[in-house]
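Trainee: Build the 3D model from these lines:
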Amino acid sequence: MRIAVTQRVEWIEGYGERRDCLDQQWSVLLESLGIDVVPVPNLLTAPQAWLERQRVAGIILTGGNDLAHLPGAARSAPERDATEIALLSSAALQRLPVLGVCRGMQMLNHFLGGGLAPVPNHIAVRHAVRALNNDGFFSGYREVNSFHGWGMQISDLAPEVSAQVCAIDGTVEAFTHDHLPWVGLMWHPEREAPFHILDTELIRKLFESGTI
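Mentor: Numbering: from 1, shown residues only. Model prediction:
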C-alpha cells in the first residue's frame, strides 16, 4: 500500500535552502504496517495531477509549520498550505482516506471551514484525555503526547466533523468527518516509543478499510 505523506518546510540558513523534511519515524511506523511512504514535495506546480499519478491509497498530513494565516505564525510555509489544500480538494472528490496529525488536524479543520485558537500548556507535554463516545474506536485512549500551540474547542470545529476525544481542558484532541474517511489527531503517533497499539490499529483500519 502506498500513502502520500506531506512534509514540513525548514529554512536552512547556512545553506540558503528551503527544505522539505520528514521525521524518519514516519517511515519506521508506516513500514511496520506494510505501508510505503510517498513524500509530497511542497513546490509542485500541479499537486492534484501529481497525486493522481502516484496512485496512493490515502494521505497523511503531518505536523510542523503553523498555518500561514494564523497571527504570529511560527515557521510558516504558504507553499505547504497551498499544496495540502490542493491535495484535500482531490481527496474529497475521490473519497480518499486522510489522517491529519497535529498541524494536519488543524489544516483539516481549516479546510472544512472551522477555526483555530491558541491553547496553553500543550507544548512538549503529556496529558490525560477522555473519549466522548464510550462505545467508539477512541474509547481506549487515556493519555497522549502533545506538541502544539494552536488547537480548537468543540465550538471551533467545522460543521462536518465530530469530536471524538478531548483533553481535560476541553480542547479537541481527535475528530472524524461525518461523511468522508478523514480523521484528525492532535497527538503524534510517530513520536511514541514503542508505537501505541491503538494508534497503529487506527492507521491500519483507516487506510485498509476507509473507516474508523
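
Trainee: hey, let's count contacts and neighbours off CA atoms from now on
Mentor: Fine.

Trainee: Would you confirm that Glu52 belongs to a strand?
Mentor: No - if the criterion is DSSP: H, G, I helix; E, B strand; the rest coil, then Glu52 is helix and not within a strand.

Trainee: List the contacts of it.
Mentor: Residues in contact with Glu52 (CA atoms under 8 Å, 6 or more residues apart in numbering): none are found.

Trainee: Can you tell me how far it is from Ile35?
Mentor: 18 Å (CA to CA, to the nearest Å).

Trainee: same question, Leu180
Mentor: 21 Å.

Trainee: tell me which element Val183 falls in.
Mentor: strand 182-185 (DSSP states H and E).

Trainee: hey, C-alpha coordinates of that strand in PDB?
Mentor: Output in PDB follows, covering the C-alpha atoms of strand 182-185 (Å, rounded to 0.1, in the frame of the first residue of the first chain):
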ATOM      1  CA  TRP A 182     -11.000  11.600   7.300                       C
ATOM      2  CA  VAL A 183      -9.600  11.600  10.900                       C
ATOM      3  CA  GLY A 184      -7.700  14.300  12.800                       C
ATOM      4  CA  LEU A 185      -5.400  13.600  15.800                       C
END
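
Trainee: so what does that strand touch, helix or strand wise?
Mentor: Identification of packing neighbours for strand 182-185 by 3 or more CA pairs under 8 Å, 6 or more residues apart in numbering; DSSP states H and E yields strand 98-101, helix 103-111, strand 172-177.

Trainee: quick one: it to chain centroid distance?
Mentor: Offset of strand 182-185 from its chain centre (CA atoms, centre = their mean, to the nearest Å): 6 Å.

Trainee: and the closest residue to Ser90 other than its chain neighbours, what does it touch?
Mentor: Using CA to CA, 6 or more residues apart in numbering and skipping the chain neighbours, the partner closest in space to Ser90 is Gln48 (6.2 Å). For Gln48, the contact set (CA under 8 Å, 6+ apart) comprises 86-87, 90.

Trainee: any idea which element Gln48 lies in?
Mentor: Gln48 belongs to helix 47-54, assigned by DSSP H and E.

Trainee: So for that helix, mean pLDDT?
Mentor: Computed over helix 47-54, the mean pLDDT rounds to 98.

Trainee: first vs last residue of stretch 23-41, how far apart are they?
Mentor: 14 Å.

Trainee: Give me the buried positions along the helix or strand following the strand holding Val183.
Mentor: Where DSSP H and E defines the elements, the next helix or strand beyond strand 182-185 is helix 197-209. Within helix 197-209, the residues scored as buried using 16 or more other CA atoms under 10 Å are 199-200, 202-204, 206-207.
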